[in-house]
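# below: sequence and its predicted model.
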Protein chains: 2
Amino acid sequence: MVGIKRLAHHLNISIGTVSRALNGKPDVNEDTRQRVLTAAQEMGYEANQSGRSLRRGATGAVGFMVQTGPQFNVQGDNFFTTVFDGVQTVLNRHHLDLIVLLCSASEDPDQYLRRMVLRGFVDGMIISHTRRIDPRIAFLASRQLPFVTLGRSNTDAGQSWIDIDFESIGRLAVERFISRGHREIAIGLPVDDINLGHLMHAAVEATMLKHGLTLSAQNLLRSPPGELGGYEIANQIVRLNPRPTAILLSDESSAIGLYRGLLEHGIVPGRDIAVTGRDSLPVRFMVPSLTRYGQPLRDLGIALGEALLATMPAYQKLYPTGIVRRVWPPMFTEGESDVFDV
Amino acid sequence: MVGIKRLAHHLNISIGTVSRALNGKPDVNEDTRQRVLTAAQEMGYEANQSGRSLRRGATGAVGFMVQTGPQFNVQGDNFFTTVFDGVQTVLNRHHLDLIVLLCSASEDPDQYLRRMVLRGFVDGMIISHTRRIDPRIAFLASRQLPFVTLGRSNTDAGQSWIDIDFESIGRLAVERFISRGHREIAIGLPVDDINLGHLMHAAVEATMLKHGLTLSAQNLLRSPPGELGGYEIANQIVRLNPRPTAILLSDESSAIGLYRGLLEHGIVPGRDIAVTGRDSLPVRFMVPSLTRYGQPLRDLGIALGEALLATMPAYQKLYPTGIVRRVWPPMFTEGESDVFDV
DNA sequence: CCAATTGTCGTAAACGTTTACGAGATTTGA
DNA sequence: TCAAATCTCGTAAACGTTTACGACAATTGG
């Protein structure tokens, strides 16, 4: 491999000058800089990243940890790819690269994060799937690694976070149900400790209470994420008596499984039961299309990227926002899955 | 940060001994090894990855590049997450980590790969979305970086590849259509140069020819991947005269958009038109469920991981398979979307 | 014309590891 | 008992960069 040393020897100048030339430092003659640049081009020189980051004390990469759920499914795939896109546009402005750290279902997320951080690939970290009790936050804080979470936690440590306004989603969906006459309202929640489940649960319960209704325990349906989870919810619903006339799903991709499960029992979504969920590409094309709450995912990614940069010492002058805690308002889209009165 | 130097000073031994102790080298007293290990634990020592990989000449990570398609959608999300899982199980056996390099739709994949490789994060590379003419392959070969492709290419450079047997899928699907009496058969293909499109196209054409049929140009429908692409295909279909009675989709996630598009024109999939596609989680839950061809994605990931290791010098003794080129046979599942005779 | 400033570059240390080499101490074998 | 073998460890170089420092020459200002 051709390193800075060979370049310098080939040009009969010192390696220090070569380095300065390549890095755009001012104290180098414009002629020699050009000579260095063209020689680097010709000889195919590319800086060795290990040497560079050893000396610089930074790698130039930030990580984004996501988790694959059970059943070989990622929770809301286009959700994350769109968020990634937003993060990347921010980071690329500063020559930082985003690498995705995908924790598979078989691995413990806390151990996985630990391993990846200790690997030392990244100068900063974004984590998602934030749980109500999330040990990753304490770990990152103890390592002094700049980080941001996508989602609040009860165990957060003064870090910046960006989140979706799940309380509003819960409240708005329930109010819409109630205004159409629904009284037997169900909610589909995750099985694990992921915080959005707690947030939506609380909001739904409070809103129903405000309208003189109670969320009965049997209408609180838990399932793993994904299509199969939705299918399981359908099987729970058919056993309920009285049967709920409306359901709000916390997971973005479970609606399609729910539809099928209901139809197998002769229950037609959008006619026999109102369904509301969160936005994703597939649910827009289902029949009936889902009434849904979405988010500007790309903007959300941009906010995440900027919040992270604001906590990285090297970029704090450019992003002097300090700690950011922001919930993102939901965007409502009326579909065909709940447009009937009971 | 606590480095090997502080550890050594704290224990009153040389840094060389500390390093040997931590790395399990034989020429170190068992007592001192234990002292080093416990001290490392207590002081929270973690090896600096930059220093280590600079010296070792390897990073201990391999990259897997995937691309997000248009419309903020990844082609077959659970497809990749499952493949990742397989790759990871192989790599983890050797303390190698997998990092996902996600090229967003707005970026040129060739430039993106170049950037990431030159970044120097990885000791090896897996690339997907292989095109019939794919400059990434020549680049990787020229950099001498060990790599494997998921998918064949017309421009491959003697590297190992793993692929799905798209020819068989095309042949089997068409033969099934024909045996049910279909003669007006359409095929949904990608708009870009991704090689699976060419492979399926050729197989479909050849099979029809063998049965005395021809694939008319108007029945060759191109669309971007994802649900929206399927919806666009439906809009193309309704304009065709004669209207095809069967369609094979090359994309895993477009069926749901196709269903909706057809239904909006009163065409009922599974009754008025037979639909066959590739397996994915959502299509199993659609109504009617899709007749589909799948692959053991996890095994495919394992094969990818092993093929990569076989091309990495440090692991060639353990994986002496040399260059691997292997197509994976499709697994057929009969759904409800094509079980009628015309 | 001389001192001060500026422009350009080489020197060498430093980042945190790993490892070849050799030295000293201890053990082994006959 | 002595040479040889073995065990244990320290020394120092090396991986490829970046950068503080100083040297020297050229330019500037009065």
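Perfect, I can see it now.
# going by C-alpha atoms from here, please, whenever you check contacts or count neighbours.
Noted.
# can you list the buried residues in the strand or helix carrying A:Leu172?
Following DSSP states H and E, one finds A:Leu172 within helix A:166-179. Buried positions in helix A:166-179, judged by neighbour count with 16 or more other CA atoms under 10 Å in any protein chain shown: A:166-175, A:177-178.
# just those residues now: which is nearest DNA strand C?
When the buried residues of helix A:166-179 are compared for distance to DNA strand C (CA to the nearest atom of the strand), A:Phe166 wins out at 42.6 Å.
# now the nearest residue to the closest one once chain neighbours are set aside: how far from DNA strand D?
Excluding the flanking residues, the one nearest A:Phe166 by CA to CA, 6 or more residues apart in numbering or on different chains is A:Met200, at 5.5 Å. Remark: distance between A:Met200 and DNA strand D (CA to the nearest atom of the strand, to the nearest Å) = 47 Å.
# how about A:Met200, what does it touch?
A:166-167, A:169-170, A:250 (CA atoms under 8 Å, 6 or more residues apart in numbering or on different chains).
# swap the cut-off to 7 Å and go again
A:166-167, A:170 (CA atoms under 7 Å, 6 or more residues apart in numbering or on different chains).
# quick one on the thing from earlier: what comes into contact with the helix holding A:Leu172?
Against helix A:166-179 from outside (CA under 7 Å, 6+ apart): A:196, A:199-200, A:203-204, A:207, A:246, A:293, A:330.
# equivalent analysis for stretch A:271-282, please.
With CA under 7 Å, 6+ apart, stretch A:271-282 has contacts from A:78, A:245-252, A:269, A:290-294, A:337-338, A:340, B:227, B:256.
# before we move on, which element is the residue nearest to A:Phe166 in?
With DSSP H and E as criterion, A:Met200 is part of helix A:195-210.
# what's the average pLDDT for that helix?
The average pLDDT within helix A:195-210 is 98.
# tell me the angle of that helix relative to helix A:166-179?
Here the directions of helix A:195-210 and helix A:166-179 differ by 40 degrees (axes from the mean of the first three to the mean of the last three CA atoms, to 10 degrees).
# using CSV, write down the CA coordinates of helix A:195-210.
Below are the C-alpha coordinates for helix A:195-210, written out as CSV (Å, rounded to 0.1, in the frame of the first residue of the first chain):
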residue,chain,number,x,y,z
ASN,A,195,-41.2,3.3,26.0
LEU,A,196,-43.6,4.3,23.3
GLY,A,197,-45.9,1.5,24.5
HIS,A,198,-46.1,3.1,28.0
LEU,A,199,-46.6,6.5,26.6
MET,A,200,-49.5,5.5,24.3
HIS,A,201,-51.0,3.4,27.0
ALA,A,202,-51.1,6.2,29.5
ALA,A,203,-52.5,8.7,26.9
VAL,A,204,-55.2,6.3,25.8
GLU,A,205,-56.2,5.6,29.4
ALA,A,206,-56.3,9.2,30.4
THR,A,207,-58.3,10.3,27.4
MET,A,208,-60.9,7.6,27.9
LEU,A,209,-61.1,8.5,31.6
LYS,A,210,-61.7,12.1,30.6
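# buried ones in that helix?
A:195-201, A:203-208.
# now that helix, how far from the centre of its chain.
How far helix A:195-210 lies from its chain's middle: 21 Å, per CA atoms, centre = their mean, to the nearest Å.
# now the following helix or strand past that helix: buried residues?
Counting by DSSP H and E, the next helix or strand C-terminal to helix A:195-210 is strand A:220-223. For strand A:220-223, a neighbour-count test (16+ other CA under 10 Å) marks A:221-223 as buried.
# again with stretch A:9-23
A:15, A:17-19, A:21-22.
# check contacts around A:Ser128.
Contacts of A:Ser128 were listed using CA under 7 Å, 6+ apart, and they are A:65-66, A:149-151.
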